[in-house]
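Novice: Can you look at this prediction? I've put the sequence above it.
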2 protein chains.
Amino acid sequence: MTGAPTRRRTQAERRAEAERRVLEAAREVIGEHGVGAVTFAAVGARAGYSRGIVTHHFGSRRGLMEALARSLQGLVPPAPAELDGRERVLAQVDLYLATLEHHPRDTRVFAMLWAEAIAGDPDLRPIFAERDADFRDSFARALRTAAADGTGAGLDPDAAAMAIVGLLRGVGLQLVLVEKAPDFARLRQTIALLLGTGLG
Amino acid sequence: MTGAPTRRRTQAERRAEAERRVLEAAREVIGEHGVGAVTFAAVGARAGYSRGIVTHHFGSRRGLMEALARSLQGLVPPAPAELDGRERVLAQVDLYLATLEHHPRDTRVFAMLWAEAIAGDPDLRPIFAERDADFRDSFARALRTAAADGTGAGLDPDAAAMAIVGLLRGVGLQLVLVEKAPDFARLRQTIALLLGTGLG
DNA sequence: GCGTGCTTGTCGGCCGACAAGCAACTTAGG
DNA sequence: CCTAAGTTGCTTGTCGGCCGACAAGCACGC
């Protein structure tokens, strides 16, 4: 009857799996019931452990949130290094939208964590404030070279970066509130056209 | 020493002032400490009443939040009725950005409430989901006439509406996380140029 | 004196954190 | 190999704190 459900595992394996399952459980809870539903009891139960598992592995609620935010970094791949200027901006925008399409659950969780940071969660604020600044900066840099090599319209790089980051984040957030997914092909095409002509 | 601080007021005046002061206090608490800091005790004290004032006037926390969301409607004035198509879209966008500039505290509070809705607050979700849909729809309508009268590029109206609403909301949310206000004149000009050429 | 606005007392529920104890794994001596 | 002591992972018990809601009582206006 035992069906070998428990082959002997090393302590490192046990620890690693527990952390993985706890983070996955936190994503599930957020996606289904919101960031406010992330309690030790809820996450522990969802992960198949006790309510003490989060404290044991992450020390505090803040520790869990930070690990969660870190685990969601790198969801959107960077644009190819050989691209720059206007082309790089458009490629990065499309990659972002493609990630919204292909990883709906995780981008939704990311959006909800970002929203919680905005709403005032002191644990999340510094993390996402820094991320935002970096994200804007990456666009601003590409826009500066676009202005230099003539491939960009005469737009202020910092203002345009805020607009583009706002567009991407704003679309992601709206998707949390709409029940059925939109037509992503049309959305990507429309935004590519809108920004493509707008930038040059 | 009494300096006539309490001339005799009618019951209706007392009630109206209490409600006004409670809503104002809630805005202050949100703006300074986040949506999570909105408790009966905090809001009551800030308004100069007891912790029971919120229950007495709004019945529940949900009632307060709904009244708060309602009180923030109409912050952004509608575009002139005689405008339509591409012109109307651009006018509405600029009015939104102008409101961010001229009512920083209240638009910040609105953004934080919207974020809390996204993050999963069940009281706020339906309110803001409907607002979003209406907002997108107003842009989609104008974009449809733009497509019909030839003043708009061949953009899908619904997708473009989601992009524009996303841009506006996204910019508003970013402003919550940045400490110093940006150069609004440049921001408005840049976005006007970006969307102006992008739409036609 | 009567009604309405407001306050205070109080209850039940939930949460995060810590500490002590139990279970799984590792290692070293025989 | 075998086993027993030691280490690490995990759970359970428990504490203090905060919150929302309701009800009874007090104060202001009619």
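Specialist: Thanks, I have it.
Novice: burial measure for the residue in chain A positioned nearest to DNA strand C, as a count.
Specialist: When you check chain A against DNA strand C by C-beta to the nearest atom of the strand, the closest residue turns out to be A:Thr10, at 3.0 Å. Using the backbone N, CA and C atoms, a C-beta is placed for each residue, glycine as well. By the criterion of other C-beta atoms under 10 Å in any protein chain shown, A:Thr10 has 8 neighbours.
Novice: show me the contacts for A:Ser71.
Specialist: A:Leu23 (C-beta atoms under 8 Å, 6 or more residues apart in numbering or on different chains).
Novice: how close does it get to A:Ile118?
Specialist: Note on A:Ser71: its distance to A:Ile118, by C-beta to C-beta, to the nearest Å, is 20 Å.
Novice: near chain B, anything from the longest helix seen in chain A?
Specialist: Identified as the longest helix of chain A according to DSSP state H is helix A:125-149. Yes - shown here: helix A:125-149 in contact with chain B (C-beta under 8 Å from any C-beta of the partner chain) through A:125, A:128-129, A:132-133, A:136.
Novice: between these, which is closest to DNA strand D?
Specialist: Distances from DNA strand D to the residues of helix A:125-149 next to chain B, taken by C-beta to the nearest atom of the strand, are shortest for A:Arg125, at 18.3 Å.
Novice: Excluding sequence neighbours, find me the nearest residue to that closest one.
Specialist: Residue nearest to A:Arg125 in three dimensions, not counting chain neighbours: A:Ala117, with 5.0 Å by C-beta to C-beta, 6 or more residues apart in numbering or on different chains.
Novice: Give me the pLDDT for the most centrally placed residue in chain A.
Specialist: Centroid-nearest residue in chain A: A:Phe110, 3.9 Å away (criterion: C-alpha atoms, centre = their mean). Here, the pLDDT recorded for A:Phe110 equals 98.
Novice: Give me the phi and psi angles of A:Leu199.
Specialist: Here is the backbone geometry of A:Leu199 (degrees, to the nearest 10): phi -90, psi -10.
Novice: List the residues that contact it.
Specialist: Taking C-beta under 8 Å, 6+ apart, one finds A:86, A:89-90, A:146, A:152-153, A:155, A:160, B:194 in contact with A:Leu199.
Novice: burial count for the closest residue to A:Glu28 other than its chain neighbours?
Specialist: Among residues not flanking A:Glu28 along the chain, A:Arg46 sits closest, at 5.8 Å (C-beta to C-beta, 6+ apart). Look at A:Arg46: counted by other C-beta under 10 Å, it has 19 neighbours.
Novice: Could you confirm whether stretch A:39-59 reaches DNA strand C?
Specialist: Yes - against DNA strand C, stretch A:39-59 shows contacts by C-beta under 7 Å from any atom of the strand at A:39-42, A:51-52, A:55, A:59.
Novice: Intersect the residues you listed with the contacts of DNA strand D.
Specialist: A:51-52, A:55.
Novice: Tabulate those (a markdown table), appending pLDDT and secondary structure.
Specialist: Formatted as a markdown table, those follow (pLDDT from 0 to 100; DSSP: H, G, I helix; E, B strand; the rest coil):
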| residue | pLDDT | secondary structure |
| --- | --- | --- |
| A:Arg51 | 95 | coil |
| A:Gly52 | 96 | coil |
| A:Thr55 | 96 | helix |
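Novice: Name the member of these with the most neighbours.
Specialist: Going by other C-beta under 10 Å, A:Thr55 tops these with 15 neighbours.
Novice: Tell me who's in contact with it.
Specialist: A:Thr55 is in contact with A:Phe40, counting by C-beta under 8 Å, 6+ apart.
Novice: follow-up on the earlier one: okay, who's weakest in the residues of helix A:125-149 next to chain B by pLDDT?
Specialist: Lowest pLDDT among the residues of helix A:125-149 next to chain B: A:Arg125, 92.
Novice: The strand or helix carrying A:Ile118: how far from the chain's middle?
Specialist: According to DSSP states H and E, A:Ile118 maps onto helix A:104-119. Relative to its chain's centre, helix A:104-119 lies at 7 Å (C-alpha atoms, centre = their mean, to the nearest Å).
Novice: Just the buried positions in the longest helix of chain A, please.
Specialist: A:125, A:127-129, A:131-132, A:135-136, A:138-147 (16 or more other C-beta atoms under 10 Å in any protein chain shown).
Novice: can I assume A:Phe135 is in contact with A:Val165?
Specialist: Yes - between A:Phe135 and A:Val165 a contact is recorded at 5.4 Å, counting by C-beta atoms under 8 Å.
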